[in-house]
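**Student:** What follows is a predicted structure for the sequence shown.
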Amino acid sequence: MQDPPADLATSILYDERTFYNRFTRDLLNSKDEVIIESPFISSRRMRELRHIFERLINKGVKVFIITRDPREHSDGYEKQSEYEIRYFEALGVQVLLCVGNHHRKLAILDRKVLWEGSLNILSQTHSREIMRRIDSKKLAEDMFKFLKLEKWIY
């Protein structure tokens, strides 16, 4: 059996039960940059992720969170989101707020690994979701360019 071409992307599907173990490993292996786009941020999920973000910042990784403006939330998410955004900013994370029903869920790690799917990375708790991990520098950079992130992230 031949090896696949070097430029062929490797992708694996995860669900809400398997996502966080793999994603956490990817985060901890990040060396330069983490970009997470998650419309919702909940305090419950952040209790599990807080120490990871602290480790990333302490080792010099630039972290960017793209999320909804808290004023666009309801049902208690507004206060949770505001609280967690303040936490991120105090930690040294760059938070970019979006308006207009922002709903994308993805992560780009070191512009080499792309996660995309339906799972709100910073808030998921009970819903059934799916995420695809794509190990491809080209596809991660394609997504970065497609989203025009170079306007805010250098």
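**Tutor:** Received the coordinates, thanks.

**Student:** any idea how far Leu56 lies from Ile36?
**Tutor:** Going from Leu56 to Ile36 by Cβ to Cβ, to the nearest Å gives 11 Å. Bear in mind the C-beta positions are built from the backbone N, C-alpha and C, glycine included.

**Student:** Now list whatever residues contact both of the two.
**Tutor:** Val63 (Cβ atoms under 8 Å, 6 or more residues apart in numbering).

**Student:** Surely Ile134 is in a strand?
**Tutor:** Yes: according to DSSP: H, G, I helix; E, B strand; the rest coil, Ile134 belongs to a strand.

**Student:** can you pull the contacts of it?
**Tutor:** Going by Cβ under 8 Å, 6+ apart, Ile134 touches Ala9, Thr10, Ser11, Val113, Leu114, Trp115, Glu116, Ala140.

**Student:** Inside strands: which ones of the residues you listed?
**Tutor:** Of the contacts of Ile134, the ones assigned to strands by DSSP state E are Thr10, Ser11, Val113, Leu114, Trp115, Glu116.

**Student:** quick one: pLDDT of the third one?
**Tutor:** Looking back up the chat, that one is Val113. With respect to pLDDT, Val113 has a value of 98.

**Student:** For it, give the beta-bridge partners.
**Tutor:** Leu109, Asp135 (DSSP bridges).

**Student:** hang on, isn't it packed against Ala140?
**Tutor:** Yes: counting by Cβ atoms under 8 Å, Val113 does reach Ala140; the two are 6.2 Å apart.

**Student:** what's around Lys105, how many residues?
**Tutor:** Using other Cβ atoms under 10 Å, Lys105 has 21 other residues around it.

**Student:** Next, it: phi, psi?
**Tutor:** Per-residue torsions, Lys105: phi -130, psi 110 (degrees, to the nearest 10).

**Student:** For the most centrally placed residue in the chain, give the beta-bridge partners.
**Tutor:** Nearest residue to the geometric centre of the chain (Cα atoms, centre = their mean): Ile36, 2.4 Å. Here Ile36 sits in beta bridges with Ile65, Ala107, going by DSSP bridges.

**Student:** Could you list the low-pLDDT ranges of this structure?
**Tutor:** The model of the chain has pLDDT under 70 over residues 1-9.
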